[in-house]
Each structure stands twice: as C-alpha cells, then as structure tokens.
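Peer 1: One predicted model, sequence on top.
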Amino acid sequence: MKKLLQSIAILAVTSMIFGCAGGRPGPNDFVYGEINFGDNRSDSYKSGAKAGCDTAKGDYRKNHRKFNNDMDYHEGWFDGRKWCQDPYWQLSL
C-alpha cells in the first residue's frame with residue numbers, strides 16, 4: 001500500500017510539472033521571434049514590443065511620441081526590451 005501511494009504521488013507531481021511546461025502558442029497569442037507575449041494585446045502594444053525587442057538586440061528603435069503618450073506602446077516597448085535581451089549578457093553584469 002505504501003509503494004502504491006508513493007507511485008501515485010510521484011506520478012501526480014511529474015504530471016503537474018510536465019503538463020504545464022511549454023506548449024504551442026494559442027491562436028490569439030502575440031509571438032515575436034521566439035518570445036510569446038500572450039494574448040489580447042493591442043496593435044500599439046505589439047508595435048512597442050517589436051521596437052523594444054529590436055532595441056534589446058542592438059537595433060535601437062523607439063517612436064518617442066507614442067512612447068510618451070501611449071501607455072500600451074510604452075508597456076510593450078519595455079516588455080519587448082526585457083524579454084528579448086540576451087540572457088548571457090544579463091549574467092555578465
């Protein structure tokens with residue numbers, strides 16, 4: 001009985017870990033490069049995320065008017081820059 005309970009517990013934990021890992025993007029997810037920014041994003045957010053991502057990769061892009069006046073663009077730009085940074089660069093700080 002004890003081994004059965006241990007087996008069930010191990011199976012349950014393994015299922016929880018691997019059942020939630022990765023997966024394909026949903027039909028409404030905004031994916032740029034290899035980064036999935038999630039679903040239900042405005043066009044302005046997407047534009048900002050693309051510019052922020054390109055900036056993180058060394059090609060500085062920012063629409064300053066939108067950045068200063070459009071919170072979706074502003075948030076997208078920072079999210080894009082954060083998520084597209086080279087993780088090796090971050091570790092070297």
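Peer 2: On my side now, so go ahead.
Peer 1: Point out where this protein drops to low pLDDT.
Peer 2: Across the chain, the ranges flagged by pLDDT under 70 are 4-36, 38-39, 87-93.
Peer 1: which residues of this structure fall in strands?
Peer 2: Remark: strands assigned in the chain by DSSP state E are 29-32, 35-39.
Peer 1: What distance do you get for N40 to R65?
Peer 2: 24 Å (C-beta to C-beta, to the nearest Å). C-beta here means a position set from N, CA and C on the backbone, and glycine is covered the same way.
Peer 1: for H74, same thing?
Peer 2: H74 is 11 Å from R65, by C-beta to C-beta.
Peer 1: In terms of neighbours, single out the busier of these two.
Peer 2: Neighbour count, other C-beta atoms under 10 Å: between H74 and R65, H74 has more, with 18 against 9.
Peer 1: what's the distance between that one and C53?
Peer 2: 15 Å.
Peer 1: Report how many residues lie close to M71.
Peer 2: 13.
Peer 1: where's it relative to D86, distance?
Peer 2: Counting by C-beta to C-beta, the gap from M71 to D86 is 27 Å.
Peer 1: do Y45 as well
Peer 2: Taken as C-beta to C-beta, the span from Y45 to D86 is 23 Å.
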